[in-house]
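Colleague: got a predicted structure plus its sequence, pasted below:
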Amino acid sequence: MLVGVGFALLPLSTDLYLAALPTLRREFATGVAEVQLTLSVFIAAFALSQLAYGPLSDRYGRRPVLLAGIAIYVAATLFCALAPSIEWLLAGRFAQAVGACSGQVIGRAIVRDVHGAQGAARMLGYITAGTALAPVFGPAIGGLLTVAFGWRANFALLAIVGALLLAAAARLLAESNVHRDPRATSPGALARNYAALLADRRFTGHALCVAASYGGVFAWISGSAFVLIESLGVPVAWFGVWFGLSVIPYVAANLVTGRMVTRIGPHRILRVGVSVALGAGLLLAGLALAGVHNLPALLLPVALYLFATGLNLPCAMAGAIGPFPKLAGTASALMGFMQMATGAAVGVTVGRLHDGTPVPTALAIAAMTVAIAAAWLSVVPRTATSTAS
């Protein structure tokens with residue numbers, strides 16, 4: 001339960017205030033690209049911070065590092081709620097991400113510690129299904145809060161969630177790291193560990209699948225408010241409903257993964273997920289380029305892509321971390337860095353190319369599905385008969 005809430009800090013922090021993005025642009029008298037930086041800066045900081053959290057948790061244990069991260073999150077979220085300008089909000093978002101990323105990096109390592117390589121994919125499927133409720137309901141709640149109380153109320157709610165999580169973790173969370181490495185944070189050991197992971201195709205292939213999958217998700221997250229509200233005329237109060245409907249297949253796919261992975265193996269699930277993702281991405285791009293700009297033409301392919309992502313992410317994450325029990329934190333951190341760095345780059349690109357139509361968002365998602373397929377092909381030869389299945 002605590003690990004699941006820790007995982008949810010990321011989607012809550014990116015999705016809850018999505019409906020407020022056009023409001024932020026008006027209040028701070030700035031452009032779409034600058035407002036979208038509040039998402040991309042968050043993801044970039046999230047990416048960089050993971051490189052520290054993983055080795056720190058390998059050396060000092062999961063519990064103390066997680067508690068410190070959540071405390072940073074609460075303080076930074078309160079700062080965001082009080083930000084007087086877009087520049088101060090960007091600074092707050094950077095610090096908020098530094099705290100939030102502890103939940104996912106250390107959460108993945110705890111799952112690996114407790115459930116082992118084979119059980120990790122199943123548990124990650126269930127956890128991500130639960131945390132996927134954040135993007136289902138978060139934008140709708142955020143839209144209502146924005147209409148009723150203004151955009152700052154979103155960050156006030158996030159601070160309350162973070163404070164409750166900190167109190168619960170301090171009271172209930174036990175230490176799970178039984179392979180503490182006193183050399184995990186030394187520069188030489190870090191370089192060797194990262195080099196060893198990057199040289200292993202089991203890690204790089206699965207981690208690139210994770211990165212590209214999240215790149216497509218973040219293209220939708222960063223572009224959805226402007227596409228739905230400004231391009232297609234969806235009211236702010238209804239934005240969260242449509243966004244949430246597009247995410248429901250993601251929840252369903254994670255539940256399917258959790259139930260089926262021990263029976264048919266993550267390798268076969270990934271094969272299906274990658275194929276579905278590629279088809280959805282190409283369909284979305286084709287409709288957008290053909291000028292078919294309406295809710296069904298946008299949301300149906302996006303929903304299909306997110307269904308595929310719910311199959312791909314838990315299996316690819318487990319495939320990247322599972323073979324490395326003594327480097328679970330470091331592997332989780334490096335994979336997470338690749339994931340979030342890709343998301344940040346895609347978010348900036350979508351913001352810069354925004355032209356008032358769904359085309360930039362659609363093309364970004366399609367490009368990521370091609371990258372997913374390429375990453376999958378790079379890992380198939382080694383994993384088809386080994387640890388992935």
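Modeller: Yes, it's here.

Colleague: what is whichever strand or helix holds residue 300 packed up against?
Modeller: In this assignment (DSSP states H and E), residue 300 forms part of helix 295-321. In this structure, helix 295-321 makes packing contacts with helix 86-131, helix 201-225, helix 236-264, helix 266-289, helix 328-353, helix 359-383, judged by 3 or more C-beta pairs under 8 Å, 6 or more residues apart in numbering; DSSP states H and E. Placement of C-beta: from N, CA and C, glycine included.

Colleague: of these, which is nearest residue 21?
Modeller: Each of those was checked against residue 21 via C-beta to C-beta, and the shortest separation belongs to helix 201-225, namely 4.5 Å.

Colleague: quick check, distance from the closest one to the centre of its chain.
Modeller: Relative to the mean C-alpha coordinate of its chain, helix 201-225 is positioned 8 Å out (C-alpha atoms, centre = their mean, to the nearest Å).

Colleague: give me the buried positions along that helix.
Modeller: 202-225 (16 or more other C-beta atoms under 10 Å).

Colleague: distance of residue 57 from residue 357?
Modeller: Here the distance between residue 57 and residue 357 works out to 44 Å (C-beta to C-beta, to the nearest Å).

Colleague: out of those two, which sits in the busier spot?
Modeller: Here residue 57 and residue 357 are compared on neighbour count by other C-beta atoms under 10 Å; more neighbours surround residue 57, at 30 against 14.

Colleague: restricting to C-alpha, output stretch 215-232 in PDB.
Modeller: As requested, C-alpha coordinates have been extracted for stretch 215-232 and formatted as PDB (Å, rounded to 0.1, in the frame of the first residue of the first chain):
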ATOM      1  CA  GLY A 215       7.900   9.100 -23.800                       C
ATOM      2  CA  GLY A 216       4.600   8.400 -25.600                       C
ATOM      3  CA  VAL A 217       2.700   8.700 -22.400                       C
ATOM      4  CA  PHE A 218       4.300  12.000 -21.600                       C
ATOM      5  CA  ALA A 219       3.500  13.300 -25.100                       C
ATOM      6  CA  TRP A 220      -0.100  12.700 -24.200                       C
ATOM      7  CA  ILE A 221       0.200  14.200 -20.700                       C
ATOM      8  CA  SER A 222       1.900  17.400 -21.800                       C
ATOM      9  CA  GLY A 223      -0.200  18.000 -24.900                       C
ATOM     10  CA  SER A 224      -3.600  16.800 -23.800                       C
ATOM     11  CA  ALA A 225      -4.800  19.900 -22.100                       C
ATOM     12  CA  PHE A 226      -4.100  22.200 -25.000                       C
ATOM     13  CA  VAL A 227      -5.300  19.700 -27.600                       C
ATOM     14  CA  LEU A 228      -8.600  18.900 -25.800                       C
ATOM     15  CA  ILE A 229      -9.400  22.300 -24.300                       C
ATOM     16  CA  GLU A 230      -8.100  24.700 -26.900                       C
ATOM     17  CA  SER A 231      -8.000  22.700 -30.100                       C
ATOM     18  CA  LEU A 232     -11.200  20.600 -29.700                       C
END
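
Colleague: and it, what's its mean pLDDT?
Modeller: Computed over stretch 215-232, the mean pLDDT rounds to 88.

Colleague: quick one, grab the pLDDT at the closest residue to residue 140 other than its chain neighbours.
Modeller: Distances taken as C-beta to C-beta, 6 or more residues apart in numbering place residue 240 nearest to residue 140, at 2.9 Å, with adjacent residues excluded. Residue 240 is assigned a predicted lDDT (pLDDT) of 79.

Colleague: tally of neighbours for residue 240?
Modeller: As a burial measure, residue 240 scores 28 neighbours (other C-beta under 10 Å).

Colleague: same thing with residue 296?
Modeller: Using other C-beta under 10 Å, residue 296 has 9 neighbouring residues.

Colleague: got it, and residue 87?
Modeller: 12.

Colleague: quick one: pLDDT of it?
Modeller: At residue 87, the pLDDT recorded in the model is 94.

Colleague: contact partners of stretch 78-94?
Modeller: By C-beta atoms under 8 Å, 6 or more residues apart in numbering, the list of residues contacting stretch 78-94 from outside reads 24, 28, 30, 34-35, 37-38, 41-42, 44-45, 76-77, 95-96, 152, 155-156, 158-159.

Colleague: got it, and stretch 156-171?
Modeller: Where contact means C-beta under 8 Å, 6+ apart, the residues beyond stretch 156-171 that reach it are 2, 5-6, 9, 12-13, 16, 63, 66-67, 70-71, 73-74, 77-78, 80-81, 99, 103, 141, 145.

Colleague: low-confidence regions, the stretch 151-300 of the chain specifically.
Modeller: Residues of the stretch 151-300 of the chain meeting the criterion pLDDT under 70: none.

Colleague: what packs against the helix or strand hosting residue 10?
Modeller: When secondary structure is defined using DSSP H and E, the element that contains residue 10 is helix 2-15. Counting contacts by 3+ C-beta pairs under 8 Å, 6+ apart, helix 2-15 packs against helix 32-60, helix 62-81, helix 86-131, helix 133-149, helix 152-172.
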